[in-house]
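A.B. asks: I'll drop the sequence and a predicted model, then ask my questions.
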Amino acid sequence: GAVVSQHPSWVICKSGTSVKIECRSLDFQATTMFWYRQFPKQSLMLMATSNEGSKATYEQGVEKDKFLINHASLTLSTLTVTSAHPEDSSFYICSARDPSGTSGSSYEQYFGPGTRLTVT
Amino acid sequence: SQQGEEDPQALSIQEGENATMNCSYKTSINNLQWYRQNSGRGLVHLILIRSNEREKHSGRLRVTLDTSKKSSSLLITASRAADTASYFCATSPTGGATNKLIFGTGTLLAVQP
């Protein structure tokens, strides 16, 4: 099956700093990637849809100026949490869809292992 | 909120027993998927059922879908301790962005050895 990686696996940063999280599709090209946030013992909440070569589409209530998304290539999307605060501490997960369906069903999303962000 | 709901929130069973989890959703869908998540890890895709399907099997997993009731169930038969994880349903709404997924609240399954 298709593999999606995230880097870093976890990061601790100070309040007010910015943190960049990378999401890569390793063996397929993904025109669309998705970013989710998951608080402890809660479900995944979709933050934004990242489209290669165009602006991301943000879900209601998600600040686009705070969570900057760049999808510069067909295998890489980045999420930058700007001016992070303790309430941004969460588990961030990305997923990617293989539109060619060669890695499996074209409906299926492949999830990265997640990045745990702790803001002190 | 579009988020679906799952019940039970948590379930503890003995090894060998069957586990059933239910998912309800709010909108018309293209398909419904079930995912598994071990604590603090990413998601693993388990099974996908299309809106025109009523039941699907994959190994020890059985999924049903009732679009009239906007509900689905996941049955894990002959459970094992290794099945301990959180299970989420996720729907792909019709008319939405391609492959946008709305996740349910999840069921935490604990299988006691």
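C.D. replies: Happy to help now that I have it.
A.B. asks: when you work out contacts or count neighbours from here on, use the C-alpha atoms and nothing else.
C.D. replies: OK.
A.B. asks: packing partners for the least confident helix or strand in chain A by mean pLDDT?
C.D. replies: Lowest by mean pLDDT, DSSP states H and E among the helices and strands of chain A is strand A:109-111, with a mean of 87. The contact analysis (3 or more C-alpha pairs under 8 Å, 6 or more residues apart in numbering or on different chains; DSSP states H and E) places strand A:109-111 against strand A:90-97, strand B:43-50.
A.B. asks: same for the first one, what does it pack against?
C.D. replies: Taking 3+ C-alpha pairs under 8 Å, 6+ apart as the contact definition, the neighbouring helices and strands of strand A:90-97 are strand A:4-7, strand A:19-25, strand A:32-38, strand A:109-111, strand A:115-119.
A.B. asks: try it again with 6 Å
C.D. replies: strand A:32-38, strand A:109-111, strand A:115-119 (3 or more C-alpha pairs under 6 Å, 6 or more residues apart in numbering or on different chains; DSSP states H and E).
A.B. asks: contact partners of the longest one?
C.D. replies: Applying C-alpha atoms under 6 Å, 6 or more residues apart in numbering or on different chains, the set of residues contacting strand A:32-38 from outside is A:44-51, A:91-96.
A.B. asks: which strand residues bridge residue A:37?
C.D. replies: Beta-bridge partners of residue A:37, counted by DSSP bridges, are residue A:45, residue A:92.
A.B. asks: distance from the chain centre to stretch B:35-45, please.
C.D. replies: Computed by C-alpha atoms, centre = their mean, to the nearest Å, the chain-centroid distance of stretch B:35-45 equals 12 Å.
A.B. asks: mind listing the strands the least confident helix or strand of chain A pairs with, and their directions?
C.D. replies: For strand A:109-111, pairing defined by DSSP bridges yields strand A:90-97 (antiparallel).
A.B. asks: export the contacts of strand A:32-38 to TSV and tack on neighbour count?
C.D. replies: Formatted as TSV, these follow (neighbours: other C-alpha atoms under 10 Å in any protein chain shown):
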residue	neighbour count
A:44	24
A:45	20
A:46	22
A:47	23
A:48	25
A:49	25
A:50	28
A:51	21
A:91	22
A:92	27
A:93	27
A:94	33
A:95	29
A:96	30
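A.B. asks: what is the neighbour count of the closest residue to residue A:67 other than its chain neighbours?
C.D. replies: Spatial nearest neighbour of residue A:67, excluding adjacent residues (C-alpha to C-alpha, 6 or more residues apart in numbering or on different chains): residue A:81 at 4.9 Å. Close neighbours of residue A:81, defined as other C-alpha atoms under 10 Å in any protein chain shown, add up to 21.
A.B. asks: residue A:81 against residue A:19, yeah?
C.D. replies: Yes - using C-alpha atoms under 6 Å, residue A:81 is in contact with residue A:19, at 5.2 Å.
A.B. asks: around chain A, pick out the residues from chain B.
C.D. replies: B:41, B:42, B:43, B:105 (C-alpha under 6 Å from any C-alpha of the partner chain).
A.B. asks: switch those over to CSV; also include pLDDT and neighbour count.
C.D. replies: Compiled in CSV, these are given as follows (pLDDT from 0 to 100; neighbours: other C-alpha atoms under 10 Å in any protein chain shown):
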residue, pLDDT, neighbour count
B:41, 86, 16
B:42, 87, 21
B:43, 91, 24
B:105, 91, 25
